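Engineer: build the 3D model from these lines:
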Amino acid sequence: MPNARRIIFGTHVIPTQSVEAEETSIRHTEFQASPNGTIGGKGIASISSTQWGPGGSDGWTSFNHPGAYWEDQTDLWETKGETWSGELSITAATNLTAAASALAFLYITNTGDTVNAEVSLTGTGGDYFIIIPPSGSVHLRGDGTNLGLNEVFVRGASGSGTTTIEYIIAQ
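Structural biologist: Next up is the predicted model:
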């Protein structure tokens, strides 16, 4: 049976360097001599039609309102539906995964203004080695079977700062 969903993603990097002109106060940006062009790649992550989301819901992406599914409606739908930004506010460690499923794709962008988002791939007690600055993002692609990464936690800087993120997590 073919997968019902897929995520198409890509990265495009332009290696540049800042160079000071003969006049000491004038700087400009130019391509680096090596690799002498852009670098990047594209990929496709095939994912299951049934995705797990935080809290056991269908919300495998933050772009869905948390009350978008009838069974999850806990507030007045008419006051929320059209105003949802897709951002998740985080301070303390927030689990984005189901522990029993292997990761197929992960994308997190820090939409906050001042506080870094920190990501652990080994649970709440693990190390938060991935730091996402404000306006920064990260994406990882797994194979959906062998690459565990089934304990992805995100928090505000050092577990005390508050920031907002948008995410896609497919398992």
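Engineer: look up how far residue 165 lies from residue 115.
Structural biologist: 11 Å (Cβ to Cβ, to the nearest Å). Yep, even glycine has a C-beta here, placed from its N, CA and C like the rest.
Engineer: now swap in residue 89 and tell me
Structural biologist: 8 Å.
Engineer: residue 136 contacts residue 112, correct?
Structural biologist: No - counting by Cβ atoms under 8 Å, residue 136 stays clear of residue 112, with 10.0 Å between them.
Engineer: between these two, which is the more surrounded one?
Structural biologist: Between residue 136 and residue 112, counted using other Cβ atoms under 10 Å, residue 112 has the larger neighbour count: 22 against 13.
Engineer: contacts only, for the residue lying closest to that one once chain neighbours are set aside.
Structural biologist: In space, and not counting its chain neighbours, residue 112 is closest to residue 163: 3.3 Å by Cβ to Cβ, 6 or more residues apart in numbering. Residues near residue 163 by Cβ atoms under 8 Å, 6 or more residues apart in numbering: 89, 90, 110, 111, 112, 114, 115, 116, 117, 134, 156, 157.
Engineer: can you list those residues in a markdown table and add pLDDT and secondary structure?
Structural biologist: Listed next are the contacts of residue 163 as a markdown table, based on pLDDT from 0 to 100; DSSP: H, G, I helix; E, B strand; the rest coil:
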| residue | pLDDT | secondary structure |
| --- | --- | --- |
| 89 | 80 | strand |
| 90 | 81 | strand |
| 110 | 94 | strand |
| 111 | 91 | coil |
| 112 | 91 | coil |
| 114 | 93 | coil |
| 115 | 93 | coil |
| 116 | 94 | coil |
| 117 | 93 | strand |
| 134 | 94 | coil |
| 156 | 91 | strand |
| 157 | 87 | helix |
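Engineer: just the buried ones from those residues?
Structural biologist: 90, 110, 111, 112, 115, 116, 117, 156, 157 (16 or more other Cβ atoms under 10 Å).
Engineer: report the rounded mean pLDDT for stretch 21-34.
Structural biologist: Average pLDDT, stretch 21-34: 73.
Engineer: can you show me the CA trace of that stretch as PDB?
Structural biologist: The C-alpha trace of stretch 21-34 is given here as PDB (Å, rounded to 0.1, in the frame of the first residue of the first chain):
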ATOM      1  CA  ALA A  21      37.900  47.000   0.900                       C
ATOM      2  CA  GLU A  22      41.000  49.000   0.800                       C
ATOM      3  CA  GLU A  23      39.100  51.800   2.500                       C
ATOM      4  CA  THR A  24      39.100  50.500   6.000                       C
ATOM      5  CA  SER A  25      35.500  51.300   6.800                       C
ATOM      6  CA  ILE A  26      33.900  49.700   3.700                       C
ATOM      7  CA  ARG A  27      32.900  46.000   3.700                       C
ATOM      8  CA  HIS A  28      31.000  44.000   1.100                       C
ATOM      9  CA  THR A  29      29.900  40.400   0.800                       C
ATOM     10  CA  GLU A  30      31.100  38.100  -2.000                       C
ATOM     11  CA  PHE A  31      31.000  34.400  -2.900                       C
ATOM     12  CA  GLN A  32      33.700  32.300  -1.300                       C
ATOM     13  CA  ALA A  33      36.300  31.000  -3.600                       C
ATOM     14  CA  SER A  34      35.400  27.400  -2.700                       C
END
